[in-house]
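Trainee: what shape does this take:
(chains A and B)
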There are 2 protein chains.
Amino acid sequence: MPDTKPALFPQPGPPGAVETSDVLTPRFDANGLIAAIATDAQSGEVLMFAWMNAEALRCTIDTSVAHFWSRSRARLWKKGEESGNLLMVEEMRVDCDQDAIWMKVRVEGGKVACHTGARSCFYRIVELGSHEPGRLLRR
Amino acid sequence: MPDTKPALFPQPGPPGAVETSDVLTPRFDANGLIAAIATDAQSGEVLMFAWMNAEALRCTIDTSVAHFWSRSRARLWKKGEESGNLLMVEEMRVDCDQDAIWMKVRVEGGKVACHTGARSCFYRIVELGSHEPGRLLRR
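Mentor: Numbers count the residues shown, from 1 in each chain, chains lettered A, B, ... in the order given. So this is what the prediction gives:
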């Protein structure tokens, strides 16, 4: 039986059109996912990086609350649904070739975006220069 | 004949170890790639999103100039090698599960990070709310 669900987004056109279009035509990858970056709307800090399928992207646009696709649990994931640390989307952007989403967010609840309890998932600095193996610092 | 090239990074341990380790053990995906986000070191603006393989990540750490893996050209890509718009890495971070890299960069040359001529690849805002299809605005 054919899939009769309506498409949530129009199909992308050729590359030039995708770059100049004023219509969102997300380019999902072979797994049906698009990369999503969340930054703190005030500080600009990158808080987390995750993936959205079409449903997660549609829910995020419709509700202004960040939804993702949990690859480990294979289900729609309303970030913070258990912890209360919802990500409220103040602005969403898409990149030139429409295969990445950037959201400026405000973290609700405990103000923590990472499941480890850190504010940001990016809590370790990679030391630059030829040190092998790469050293990580916390700051 | 076995591949005798030395590994550029140690193998990741189990999830808990990856989160707490002070050693960089990047978790490359099935294609050997890791997600990389570049933000403007001054403004915090997300400039671009791209992919690195182990060699690109190693070159970036060693030289503090951003290198990526060009999926379309299937080769190592020193961003700005033709345009002069190199991304000089001021700080690099890795996320909790070590499958994403965040770099704070300074754009050299024409100060433009996107191949379209825009400063950032994220030059379009996605209008939030239930508008179908999604509308994009330039601001």
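Trainee: distance of the residue in chain A that chain B sits nearest to from B:T20?
Mentor: Here chain A gets closest to chain B at one residue, A:G44, 2.2 Å apart by CB to the nearest CB. In this view, the C-beta of every residue, glycine as well, is placed from N, C-alpha and C. Taking CB to CB, to the nearest Å as the measure, A:G44 and B:T20 are separated by 26 Å.
Trainee: which residues touch A:P133?
Mentor: By CB atoms under 8 Å, 6 or more residues apart in numbering or on different chains, A:P133 lies in contact with B:F9, B:P10, B:V23, B:L24, B:T25.
Trainee: could you report the distance from it to B:P26?
Mentor: Note on A:P133: its distance to B:P26, by CB to CB, is 10 Å.
Trainee: same question, A:I37
Mentor: Distance of A:I37 to B:P26, computed by CB to CB: 18 Å.
Trainee: surely A:R71 is in contact with A:W51?
Mentor: Yes. Applying CB atoms under 8 Å, one finds A:R71 in contact with A:W51, separated by 6.3 Å.
Trainee: what sits in contact with each of those two?
Mentor: Joint contacts of A:R71 and A:W51 (CB under 8 Å, 6+ apart) are A:L33.
Trainee: neighbour-wise, which of the two wins?
Mentor: A:W51 (20 against 13; other CB atoms under 10 Å in any protein chain shown).
Trainee: the residue sitting nearest the centre point of chain A - nearest residue in space that isn't next to it in sequence?
Mentor: Taking CA atoms, centre = their mean, the centroid of chain A lies closest to A:A36, which sits 2.2 Å from it. Counting by CB to CB, 6 or more residues apart in numbering or on different chains, A:I101 is the residue found nearest to A:A36 once chain neighbours are left out, at 4.4 Å.
Trainee: list the neighbouring strands of the helix or strand containing that neighbour plus their orientation.
Mentor: Using DSSP states H and E, A:I101 sits within strand A:100-107. Neighbouring strands of strand A:100-107 in its sheet, by DSSP bridges, are strand A:34-40 (parallel), strand A:87-94 (antiparallel).
Trainee: could I get those strands as a markdown table with distance to A:L76 and mean pLDDT?
Mentor: Output for the strands paired with strand A:100-107, formatted as a markdown table (distance: least, CB to CB, whole Å; pLDDT from 0 to 100):
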| stretch | distance to A:L76 | mean pLDDT |
| --- | --- | --- |
| strand A:34-40 | 13 | 98 |
| strand A:87-94 | 15 | 98 |
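Trainee: tell me which of the ones you listed sits most buried.
Mentor: Mean neighbour count (mean count of other CB atoms under 10 Å in any protein chain shown) peaks for strand A:34-40 among the strands paired with strand A:100-107, with a mean of 23.
Trainee: report the distance from that strand to the chain centre.
Mentor: From the chain centre to the centre of strand A:34-40 is a distance of 3 Å (CA atoms, centre = their mean, to the nearest Å).
Trainee: stretch A:100-113 too?
Mentor: The chain centre lies 10 Å from the centre of stretch A:100-113; the measure is CA atoms, centre = their mean.
Trainee: what comes up buried for it?
Mentor: Within stretch A:100-113, the residues scored as buried using 16 or more other CB atoms under 10 Å in any protein chain shown are A:A100, A:I101, A:W102, A:M103, A:K104, A:V105, A:V107, A:V112, A:A113.
Trainee: tell me the angle the longest helix seen in chain A makes with strand A:87-94.
Mentor: Scanning chain A for the longest helix, with DSSP state H as the assignment, gives helix A:54-63. Going by axes from the mean of the first three to the mean of the last three CA atoms, to 10 degrees, helix A:54-63 is angled at 110 degrees with respect to strand A:87-94.
Trainee: how about the helix or strand just after helix A:54-63 against chain B, any contact?
Mentor: The C-terminal neighbour of helix A:54-63 among helices and strands, as given by DSSP H and E, is strand A:67-70. No. Contact of strand A:67-70 with chain B is not found when judged by CB under 8 Å from any CB of the partner chain; the minimum separation is 12.6 Å.
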